[in-house]
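> Predicted model, plus sequence, below.
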Amino acid sequence: MGEILSVGVDVSEVEAGKKVLFSDINAYEVDLGTEEKHCFCRESDLLAVVA
């Protein structure tokens, strides 16, 4: 599970701050120089929005 930090202009279903489930196989982990993990994935690869 993760939290949306930002979205691209073509994204319509989710917004920043929403918690989501995504498939690890489709996400790209990026090292931003902190201890936190950050992943990028396409909106179409999200499995669910967690209420």
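All right, it came through fine.
> which strands and helices sit next to the lowest-mean-pLDDT helix or strand in the chain?
Across the helices and strands of the chain, mean confidence by mean pLDDT, DSSP states H and E is lowest for strand 2-3: a mean of 80. Strand 2-3 sits against strand 19-22, with contacts defined as 3 or more C-beta pairs under 8 Å, 6 or more residues apart in numbering; DSSP states H and E. Where you see a C-beta, it was placed from the backbone N, CA and C, and this is true even at glycine.
> and Val30, what does it touch?
Counting by C-beta atoms under 8 Å, 6 or more residues apart in numbering, Val30 touches 38-40.
> Val14 versus Ser6, what's the distance?
11 Å (C-beta to C-beta, to the nearest Å).
> now Leu47
12 Å.
> so where's this structure shaky on pLDDT?
26, 51 (pLDDT under 70).
> That one: helices as residue ranges?
For the chain, applying DSSP state H gives no helices.
> Nearest residue to the middle of it?
Ile4 (4.9 Å; C-alpha atoms, centre = their mean).
> Go ahead and confirm that residue touches Lys18.
Yes. Using C-beta atoms under 8 Å, Ile4 is in contact with Lys18, at 4.8 Å.
> hang on, the earlier thing: have a look at Leu47 and Val14 and say which one is more surrounded.
The neighbour comparison of Leu47 against Val14 (other C-beta atoms under 10 Å) goes to Val14, with 14 against 11.
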